[in-house]
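Undergrad: got a predicted structure plus its sequence, pasted below:
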Amino acid sequence: MAPHRHGEKVDAVEEAMVVEERRPISSVLIIIAMQTEAVPVVNKLELKEDNHSVFTSGVPWVRYHGTYKELQINLVWPGKDPTLGVDSVGTVSASLVTYAAIQALKPDLIINAGTAGGFKAKGSSIGDVYLVSHVAFHDRRIPIPVFDLYGVGLREALSTPNLLKQLNLKLGNLSTGDSLDMSPQDESSIIANDATVKDMEGAAVAYVADLLKVPVVFVKAVTDVIDGDKPTTEEFLQNLAAVTAALDQAVAQVVDFISGKSLAEL
Ligand code: ADE
């Protein structure tokens, strides 16, 4: 085809994207990795557990759903590991549930909410709640040109300047890896990612959301200060319950703000 025909096609795609951005958001998918984090949000938004799973039989993934402030809300939690009975945290479960939930539920927007470690050197304290600007991995080291960038997997969250201003949340970069602790190599990558918060799912959710072209925002509440004096595990477990209260309040405020708005208005 002649070049101008191609240009027309690009124009049509861009126009469709603009229309999409201006349409009121109707369906929101919330992805949360831990039961302790998910239950307060389920209660606050008065969601009900699914009786007939939309997922393939045998998987432990749990969906809660309901209508809240005229938004269709689905909250998906990857459930308990079938063998060990603990929450299925980490990037493998997160990417699987994100993929399956997008396919089944076709959301307009994803919110990945959860707890995170924070760096006091970047101004972070226990109980702070962050919106995320960029997200990347810190434990996928492939020192071969271009594979190195693939490993880091840097992605941008949906820009939400109005939401940030209205809710008075903090903004920072998120770095994701499959360990709660931090090896010296992880630390170098986290510094290279210019991260303020560290979690175990965000970059995996972002990868799938990007593949399937669904915008994503991250709401992360700090349970432990990684560059502080206390051991991470102790501090995480000690603060988990209190910090999830801050998290569920922030998620509800984010959902309240989204209600009646388009992606472009966030
Ligand atoms: N979630 C809460 N604290 C964390 C940490 N320090 N690292 C990764 N994920 C976390």
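TA: Done, it's in. Residues are numbered from 1 along each chain as shown.

Undergrad: write out the residues of this structure neighbouring the ligand.
TA: Applying Cβ under 6 Å from any ligand atom, we find that the chain lies next to the ligand at 115-117, 180, 198-200, 223-224, 226, 232, 236. Where you see a C-beta, it was placed from the backbone N, CA and C, and this is true even at glycine.

Undergrad: restricted to helices, list those.
TA: 232, 236 (DSSP state H).

Undergrad: and the helices in the chain?
TA: Using DSSP H, the helices assigned to the chain run over residues 3-22, 35-44, 91-105, 147-152, 161-167, 184-192, 202-211, 232-258.

Undergrad: mean neighbour count, those: which tops it?
TA: helix 202-211 (a mean of 24; mean count of other Cβ atoms under 10 Å).

Undergrad: list of residues touching that helix?
TA: 31, 91-92, 94-95, 98-99, 102, 110, 112, 132, 135-137, 153, 155, 157, 174-176, 215-216, 218, 220 (Cβ atoms under 8 Å, 6 or more residues apart in numbering).

Undergrad: nearest to the ligand: which residue in the chain?
TA: Gly117 (2.4 Å; Cβ to the nearest ligand atom).

Undergrad: just to check, that residue is in contact with Ile226?
TA: Yes. With contact defined as Cβ atoms under 8 Å, Gly117 reaches Ile226; the gap is 4.4 Å.

Undergrad: any residues in contact with both of the two?
TA: By Cβ under 8 Å, 6+ apart, the residues touching both Gly117 and Ile226 are 182, 198, 232.

Undergrad: just those now: which is nearest Gly85?
TA: Distances from Gly85 to the shared contacts of Gly117 and Ile226, taken as Cβ to Cβ, are shortest for Thr232 (22.5 Å).

Undergrad: let's see the pLDDT reported for the closest one.
TA: At Thr232 the predicted local distance difference test score is 94.

Undergrad: what's near enough to touch it?
TA: 117, 180-182, 224, 226.

Undergrad: need the buried ones from these selected in PyMOL.
TA: Buried members of those can be picked out in PyMOL with the line below, counting by 16 or more other Cβ atoms under 10 Å:
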select buried, resi 117+180+182+224+226
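
Undergrad: list the beta-bridge partners for the closest residue to Ser53 other than its chain neighbours.
TA: Leaving out its chain neighbours, the residue that sits closest to Ser53 by Cβ to Cβ, 6 or more residues apart in numbering is Arg63, at 6.9 Å. Arg63 has the following beta-bridge partners by DSSP bridges: Val76.

Undergrad: residues contacting Arg63?
TA: Neighbour list for Arg63: 49-50, 53-55, 74-76, 101 [criterion: Cβ under 8 Å, 6+ apart].

Undergrad: export those to TSV and tack on pLDDT?
TA: Compiled in TSV, the contacts of Arg63 are given as follows (pLDDT from 0 to 100):
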residue	pLDDT
Glu49	97
Asp50	95
Ser53	92
Val54	95
Phe55	97
Asn74	98
Leu75	98
Val76	98
Ala101	98
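
Undergrad: buried subset of those residues?
TA: 55, 74-76, 101.

Undergrad: farthest pair within those residues?
TA: Maximum distance among the buried ones among the contacts of Arg63 (Cβ to Cβ): 13.6 Å, for Phe55 and Leu75.

Undergrad: report the buried residues of stretch 109-121.
TA: For stretch 109-121, using 16+ other Cβ under 10 Å, the buried residues are 109-119.

Undergrad: quick check on Glu70: phi, psi?
TA: phi 70, psi 10 (degrees, to the nearest 10).

Undergrad: quick one: it from Ser259, how far?
TA: Distance of Glu70 to Ser259, given as Cβ to Cβ, to the nearest Å: 6 Å.
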